[in-house]
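A.B. asks: sequence and computational prediction follow.
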Amino acid sequence: MLARMSAASDPLARLIAERRFAEAEALCRARLQTDPADAAALGALLPQLMGRGELLQARVLAESAVKADGGHRDLLLMLGQVRARMRDFASARSAFAEAAALNQGDWIALLFLADSAQATGDAEAALSARVQALLRAEREGALAPQARLPAQLQTQLQRAIAIVQEARALHLDAALAPLRQDRDARTLVRVDAALDALVGRTARAQSHPLQHPTLLCVPDLQPRPWFDRDAFPELFEALAGIERSADEIRQELLALLDDEDGVEPYIDMPERAPAAPIWRELNRSPRWRTYHFHRHGAEITAHRARCPRTAAALDALPLIRIPDHAPEAMFSLLAPNTAIPAHTGVMNGRLTVHLPLIVPANCGALKVGGEARGWEEGRCIVFDDSFVHEAWNHSERLRAVLIFDLWHPQLAEIERAYLTSLITALGEFNRRHGADDEASA
């Protein structure tokens, strides 16, 4: 994708629009004599030279432009494309890598880098570049159906999507193969279906219009936003111990609030992250804060030592345990007159539990799947966070709850083991290729 001119008043742009190509080429050469790094002139001239097979002259002009400018992204892209056209893929890769390094959000440079790395036989580097390019393109909205992109970029994006999906599928299939051995295939039907949808082999099933897990959807789990005591007595029996410890946990929380050491914003994400627009008001804000006991599966030793009764109560629970991902357990502190916007969690195979600790009068509610419920201090509430949910504190005092995750009770042990291996393997794939870990959202 060579540089394009956007100013209709530019004489060069006008000549090209009028298809006066000989005059446009003469003007380009004149401008490059004055300024070898004139990106618009070079971008207009190079296609003419390359179309006539004058590749050496095109390369000389592109290299002169890069040398004169000292690091212009568009000039580097043009140089890389000329080198690639000459089948000097190693040098093209170098130019594209330099362009990509200038801007961490530059997915276009990464796509070209991936193609040149592939051409040099470095399939692993090519895959990593494509994984990162797709992540950045998503952040820029380039993967949205309404995105308008040049045909060449559309082709490169679609090729990258297909290659990444295939590579991810192969990685996950290999990781899950041991679990499939000597198993009755019927026990894995729905978790296999979740995998197939994740890697694009099938369309994702939707069981409820307000249920939208961002990553993984296990079909045939009853679409229930709220889990009540009378319907799931065994679930709440497992929670009875931590409810009995609520007063002691609250005392540890109140002591913690005296200095707030270790308390941090609940939302802390890059401004260009896909979900950043939803969280703009609360991103890195003190209005919604957290104090972690487990984060991405790791124990926060100092925090647990400061709140030993809380740590002990959590340890007695059947928390989800997935290496580098779960459990997640924390105090959630919502400031007065603060609302948490509607959002969804990563998968429908887990349940989220709130143990309310500080609930002011007329505080507000948690709304899940269209139904709002309030909090009652010391009594757990359980919901499926893959449903659209939001919360608000309309009072003048702090609202505080302890949050942790459990497996969905309708998942069999083999299904839980399968999902554990799947999520672990997906995290390994993402980290290997320098991408965000989707399953940790």
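C.D. replies: On my side now, so go ahead.

A.B. asks: what's the longest helix along the chain packed up against?
C.D. replies: Longest helix in the chain by number of residues (criterion: DSSP state H): helix 151-180. Secondary-structure packing of helix 151-180 (3 or more C-beta pairs under 8 Å, 6 or more residues apart in numbering; DSSP states H and E): helix 107-119, helix 123-139, helix 189-198, helix 413-432. C-betas here are computed from N, CA, C, even on glycine.

A.B. asks: make CSV out of the ones you listed and add mean neighbour count, mean pLDDT and distance to residue 401.
C.D. replies: Formatted as CSV, those follow (neighbours: other C-beta atoms under 10 Å; pLDDT from 0 to 100; distance: least, C-beta to C-beta, whole Å):
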stretch, mean neighbour count, mean pLDDT, distance to residue 401
helix 107-119, 25, 96, 39
helix 123-139, 21, 93, 31
helix 189-198, 20, 94, 29
helix 413-432, 19, 95, 25
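
A.B. asks: show me what residue 381 bridges to in the sheet.
C.D. replies: Assessed by DSSP bridges, residue 381 has beta-bridge partners residue 354.

A.B. asks: and it, what does it touch?
C.D. replies: 226, 353-354, 356, 366, 373, 375 (C-beta atoms under 8 Å, 6 or more residues apart in numbering).

A.B. asks: measure it to residue 116 for me?
C.D. replies: To residue 116, residue 381 is 54 Å away according to C-beta to C-beta, to the nearest Å.

A.B. asks: got it, and residue 286?
C.D. replies: 46 Å.

A.B. asks: with residue 75 instead?
C.D. replies: 16 Å.

A.B. asks: try residue 24
C.D. replies: With distances taken as C-beta to C-beta, residue 24 is found 29 Å from residue 116.

A.B. asks: with residue 83 instead?
C.D. replies: Per C-beta to C-beta, residue 83 is found 8 Å from residue 116.

A.B. asks: what sits in contact with each of these two?
C.D. replies: By the contact definition C-beta under 8 Å, 6+ apart, residue 83 and residue 116 are jointly contacted by 89, 92.

A.B. asks: what are the ranges of the strands in the protein?
C.D. replies: 226-227, 264-265, 288-295, 298-299, 329-334, 338-343, 350-358, 364-368, 371-373, 381-383, 389-393, 399-407 (DSSP state E).

A.B. asks: could those strands go into a markdown table alongside mean pLDDT and distance to residue 417?
C.D. replies: Listed next are those as a markdown table, based on pLDDT from 0 to 100; distance: least, C-beta to C-beta, whole Å:
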| stretch | mean pLDDT | distance to residue 417 |
| --- | --- | --- |
| strand 226-227 | 98 | 22 |
| strand 264-265 | 96 | 33 |
| strand 288-295 | 98 | 20 |
| strand 298-299 | 96 | 21 |
| strand 329-334 | 98 | 21 |
| strand 338-343 | 97 | 28 |
| strand 350-358 | 98 | 14 |
| strand 364-368 | 97 | 28 |
| strand 371-373 | 97 | 32 |
| strand 381-383 | 98 | 22 |
| strand 389-393 | 98 | 28 |
| strand 399-407 | 98 | 11 |
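
A.B. asks: please convert those strands to a markdown table, extending it with distance to residue 250.
C.D. replies: A markdown table is the format used below for the strands of the chain (distance: least, C-beta to C-beta, whole Å):
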| stretch | distance to residue 250 |
| --- | --- |
| strand 226-227 | 23 |
| strand 264-265 | 20 |
| strand 288-295 | 13 |
| strand 298-299 | 22 |
| strand 329-334 | 10 |
| strand 338-343 | 20 |
| strand 350-358 | 5 |
| strand 364-368 | 19 |
| strand 371-373 | 20 |
| strand 381-383 | 16 |
| strand 389-393 | 17 |
| strand 399-407 | 8 |
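
A.B. asks: and residue 416, which of these is closest to it?
C.D. replies: Closest to residue 416 of the strands of the chain is strand 399-407 (C-beta to C-beta; 5.4 Å).

A.B. asks: which one of the contacts of residue 381 sits closest to residue 128?
C.D. replies: Residue 128 has its nearest neighbour among these in residue 353, at 37.4 Å by C-beta to C-beta.

A.B. asks: that closest one contacts residue 239, correct?
C.D. replies: Yes. Using C-beta atoms under 8 Å, residue 353 is in contact with residue 239, at 6.8 Å.

A.B. asks: and residue 22, how far from residue 35?
C.D. replies: In terms of C-beta to C-beta, residue 22 sits 21 Å off from residue 35.

A.B. asks: and the two? which has more neighbours close in?
C.D. replies: Neighbour totals were compared for residue 22 and residue 35, and residue 35 leads with 13 against 9 (other C-beta atoms under 10 Å).

A.B. asks: enumerate every residue touching the more buried one.
C.D. replies: Counting by C-beta under 8 Å, 6+ apart, residue 35 makes contact with 41, 68.

A.B. asks: check the gap between it and residue 383 for me.
C.D. replies: Remark: distance between residue 35 and residue 383 (C-beta to C-beta) = 62 Å.

A.B. asks: off-centre distance for stretch 179-187?
C.D. replies: Offset of stretch 179-187 from its chain centre (C-alpha atoms, centre = their mean, to the nearest Å): 31 Å.

A.B. asks: same deal with stretch 161-168?
C.D. replies: 16 Å.

A.B. asks: now residue 212: closest residue in space, sequence neighbours ignored.
C.D. replies: Spatially, and ignoring its direct neighbours in sequence, residue 212 is nearest to residue 344 (4.8 Å; C-beta to C-beta, 6 or more residues apart in numbering).

A.B. asks: again, but for residue 102
C.D. replies: Distances taken as C-beta to C-beta, 6+ apart put residue 73 closest to residue 102, at 5.0 Å, once the chain neighbours are dropped.

A.B. asks: burial count for the one you found?
C.D. replies: Residue 73: 19 surrounding residues under other C-beta under 10 Å.

A.B. asks: which residues does residue 119 contact?
C.D. replies: Going by C-beta under 8 Å, 6+ apart, the list of residues near residue 119 reads 84, 87, 89, 92-93.

A.B. asks: fine by me, thanks again.
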